[in-house]
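Asks: Sequence and predicted structure below; questions after.
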Amino acid sequence: MTSLERVLLALQGKPQPSPPFTLTLSLYGARLTGCPLIEYYRRPERYLEGQEAVVDLCAPDIVFSPFALTLEAEAFGSELKFLPDNPPNIRKPAIRSADDFIRLPLPDVDSNPSLLYLRESVRLLTGRYQGEKAICGVVTAPVDLPAIVMGIDQWIETLLFSPEKAVIILEKAHRHFVAQANALMADGANFIALPTMFANPQILYPKLIDEVILPSFARSLAEVKGPIVFHHGGNLMVPSLGKYLALPNVVAYAVDHRDSLAEARRILGPDRLLLGNLNGPTLSRTPMDTVLSRVDRILEDRRDDPCFIFATSGADVPFDTPPALLQAISAKIRAVAWVI
Amino acid sequence: MDIEAVRTRLLDFILIGERKEATDLLDDWARRFHWRAAIVELLEPVLDEVGKRWSAEKISLAAGYMAGKIAEDVLLKAVQAEEAIPQIKGPVVIGNIEDDYHSLGRKLVTIFLRTAGWRVIDLGNDVRAEEFVDAAVANEAKIIGVSAMMLTTAENIRNVRQEMDRRGLSGRIKLAVGGAVFKMRPELVDEVGGDGTVASAVDAPRLMAQLSGMEDAHDLA
């Protein structure tokens, strides 16, 4: 059975002896190949080499397009800073006000270099793994895009105090998001993963989420030509999970490491796909025994859950995580023999 | 009028995002008792409560931001009414550490510190260790406050501690650290050489008071 078949079985809720799994190893490929990150996040062929090394190391069932949302910010004019061991950070947002955003032209997904890098990475992953691995295209949520283009403070300010401008901005973010997500689907992604912060009550007032964010978000997601994984974006998701059940095209929910998988399952019902919830960003600083115990607990918690994919939660697995730990996690999951 | 009831109303306005109602309430209190009373008797106790709830993840980032905007509104009006809160505590040197550009938390810290009467020297984003220490020495600051959002940038804070050690300033200058990563990984405070942290920007005055040996974070006298 191929990885893609394992993922599709989980999506269909069909039993299999062990859950499919993935670790967020978008960044980690550069560690394995020794590629400088300025090159890794500029040259799609180097990114592919990194992901090939990831597959060789621990054989995840899902491979990711570059998990570097800041490249979308760069497409709008934000200035990036490349770091030696992390995805690029935003040094300076493209603009500093809602009015600027309203005037800002949208980048062209067919010609903007930053967006073309993301697209070409998906094309190369598709050429290498089509039919074998599930290929995940990572896209910035339209409700989060303004935050990375003009700064978190300016986006909150606009949402709170200039709601009429927020609506115009969301419409503009919607157009970019639909174009980018559908471009990645056309390039070969099997699904889109959508880390989302600005639909979470840990970030915004619930009233604002219900009345402004979710209606706009739903319209955007409805236009994506493929399945979507709704990702917690670094916040607890279970307390607000019920808000997201009606979002169109969302077939799976990736929850935070602090969330309860059992509670998530109760809210989602038996048929919706659930992903998580090993704490990925702390793997480099956690002893192997502790990590593997946590893996055991997650597997026990989800024992015989056919709609579950084991995954790291959160951002990328850190650069300095020992490869042996990732191999041990992989081996432990593969060794599971659920009797279903 | 029952001051506790007024504080509760102010807190409610912040928690549901009603900036105008909150500032109207503070305006009304200031008309009757002066701006200083509005700040010390109403706003500060309410900000304390906001801080507790924020630290416990019981309120949103937007509510914390709203609290900051309301505090900023009040400070501005107090200045216009020539009742500026005297910046008699500190100074404190703050900034985002080298390679860190997540300025929201730092800006909120600045507002809340100024509301509590601290003089703040804000160095901005991407500040090198030497610049922090130079600014502290030049301004005779006893506290340096360093913000970082991510683990990798937080590790650059070690350089501030090392620079303080190198100049023989540790002990004489305290190092406050803050940012999302410290909330997720409290043990990081010790690892980078921090003297203390708090889980939300609203709590920054309390931390600064503790680090400077003051007993009461809200003593403006």
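Replies: On my side now, so go ahead. Residues are numbered from 1 along each chain as shown, chains lettered A, B, ... in the order given.
Asks: what comes up buried for the longest helix along chain B?
Replies: With DSSP state H applied, the helix covering the greatest number of residues in chain B is identified as helix B:61-80. The neighbour-count criterion (16 or more other CB atoms under 10 Å in any protein chain shown) identifies B:61-75, B:77-78 as the buried residues of helix B:61-80. The way it works is simple: take the backbone N, C-alpha and C, and place the C-beta from them, glycine included.
Asks: does B:Lys58 sit in a helix, a strand or a coil?
Replies: Using DSSP: H, G, I helix; E, B strand; the rest coil as the criterion, the local structure at B:Lys58 reads coil.
Asks: and what of A:Tyr253?
Replies: Using three-state DSSP as the criterion, the local structure at A:Tyr253 reads strand.
Asks: And the nearest residue to it once chain neighbours are set aside, its phi and psi?
Replies: Setting aside the residues directly before and after it, A:Tyr253 is nearest to A:Phe230 in space (CB to CB, 6 or more residues apart in numbering or on different chains), at 5.2 Å. Recorded main-chain torsions at A:Phe230 are phi -90, psi 120, according to degrees, to the nearest 10.
Asks: Quick check: A:Phe230 vs A:Leu204, distance?
Replies: Distance of A:Phe230 to A:Leu204, computed by CB to CB, to the nearest Å: 16 Å.
Asks: Could you pull up the contacting residues of the residue nearest to A:Tyr253?
Replies: With contacts defined as CB atoms under 8 Å, 6 or more residues apart in numbering or on different chains, the neighbours of A:Phe230 are A:194, A:196, A:244, A:247, A:250, A:252-254.
Asks: Try it again at 6 Å.
Replies: The contact partners of A:Phe230, by CB atoms under 6 Å, 6 or more residues apart in numbering or on different chains, come to A:194, A:244, A:250, A:253.
Asks: Which pLDDT value belongs to it?
Replies: A:Phe230 is assigned 98 on the pLDDT scale.
Asks: repeat for B:Ile85
Replies: 70.
Asks: Tell me how many other residues crowd B:Val198.
Replies: One way to gauge burial is a neighbour count; for B:Val198, by other CB atoms under 10 Å in any protein chain shown, it gives 22.
Asks: check the buried residues of helix B:61-80 against chain A, which are close?
Replies: The subset of these lying close to chain A, counting by CB under 6 Å from any CB of the partner chain, consists of B:61-62, B:65.
Asks: Tabulate these in a markdown table, adding columns for pLDDT.
Replies: Supplementary listing: these in a markdown table, determined by pLDDT from 0 to 100:
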| residue | pLDDT |
| --- | --- |
| B:Leu61 | 91 |
| B:Ala62 | 94 |
| B:Tyr65 | 92 |
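Asks: Specify which member of the contacts of A:Phe230 is nearest to chain B.
Replies: Closest approach between the contacts of A:Phe230 and chain B, by CB to the nearest CB: A:Tyr244, at 16.5 Å.
Asks: Excluding sequence neighbours, find me the nearest residue to that closest one.
Replies: A:Phe230 (5.7 Å).
Asks: just A:Val317 next, same as before
Replies: Taking CB to CB, 6+ apart, and ignoring the residues beside it in sequence, A:Val317 has A:Gly280 as its nearest neighbour in space, at 4.9 Å.
Asks: again, but for B:Ser170
Replies: If you skip the residues right next to it in sequence, B:Ser170 has B:Met164 as its closest partner in space, 4.7 Å away by CB to CB, 6+ apart.
Asks: mean confidence for stretch A:3-17?
Replies: 94.
Asks: What residues sit buried inside that stretch?
Replies: Using 16+ other CB under 10 Å as the burial criterion, the residues of stretch A:3-17 that qualify are A:3-4, A:6-7, A:9-11.
Asks: ok so, going back, distance to B:Glu140 for the ones next to chain A among the buried residues of helix B:61-80 - can I get that in JSON lines?
Replies: Putting those into JSON lines (distance: CB to CB, whole Å) gives the following:
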{"residue": "B:Leu61", "distance to B:Glu140": "34"}
{"residue": "B:Ala62", "distance to B:Glu140": "37"}
{"residue": "B:Tyr65", "distance to B:Glu140": "32"}
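Asks: Following the record's annotation, map out the domains of chain B.
Replies: Residue ranges of the domains in chain B are recorded as B:3-80, B:89-211, according to automatic domain parsing.
Asks: So, low pLDDT: which residues of chain B?
Replies: Filtered on pLDDT under 70, chain B yields the residue ranges B:1, B:83-84, B:215-221.
Asks: What residues does it have near chain A?
Replies: Checking chain B against chain A by CB under 6 Å from any CB, the hits are B:17, B:60-62, B:65, B:101, B:104, B:152.
Asks: If we use 7 Å, what do you get?
Replies: Within chain B, the positions adjacent to chain A are B:17, B:57, B:60-63, B:65-66, B:99, B:101, B:103-104, B:107, B:150-152 by CB under 7 Å from any CB of the partner chain.
Asks: returning to what we had before: so how far is the longest helix of chain B from its chain's centroid?
Replies: Distance, stretch centre to chain centre, for helix B:61-80: 12 Å (CA atoms, centre = their mean, to the nearest Å).
Asks: Tell me which other helices or strands it touches.
Replies: In terms of contact count using 3 or more CB pairs under 7 Å, 6 or more residues apart in numbering or on different chains; DSSP states H and E, helix B:61-80 is assigned the packing partners helix A:152-161, helix B:3-16, helix B:19-33, helix B:44-55, helix B:104-115.
Asks: helices or strands next to the last one in the packing?
Replies: The reference is to helix B:104-115. For helix B:104-115, the contact count by 3+ CB pairs under 7 Å, 6+ apart identifies helix A:152-161, helix B:61-80, strand B:89-96, strand B:118-122, strand B:143-147, helix B:204-211 as packing neighbours.
Asks: re the thing from before, among the buried residues of stretch A:3-17, which are in helices?
Replies: A:3-4, A:6-7, A:9-11.
Asks: now these in TSV, with distance to chain B?
Replies: As requested, those are exported to TSV (distance: CB to the nearest CB, whole Å):
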residue	distance to chain B
A:Ser3	30
A:Leu4	33
A:Arg6	31
A:Val7	29
A:Leu9	34
A:Ala10	29
A:Leu11	31
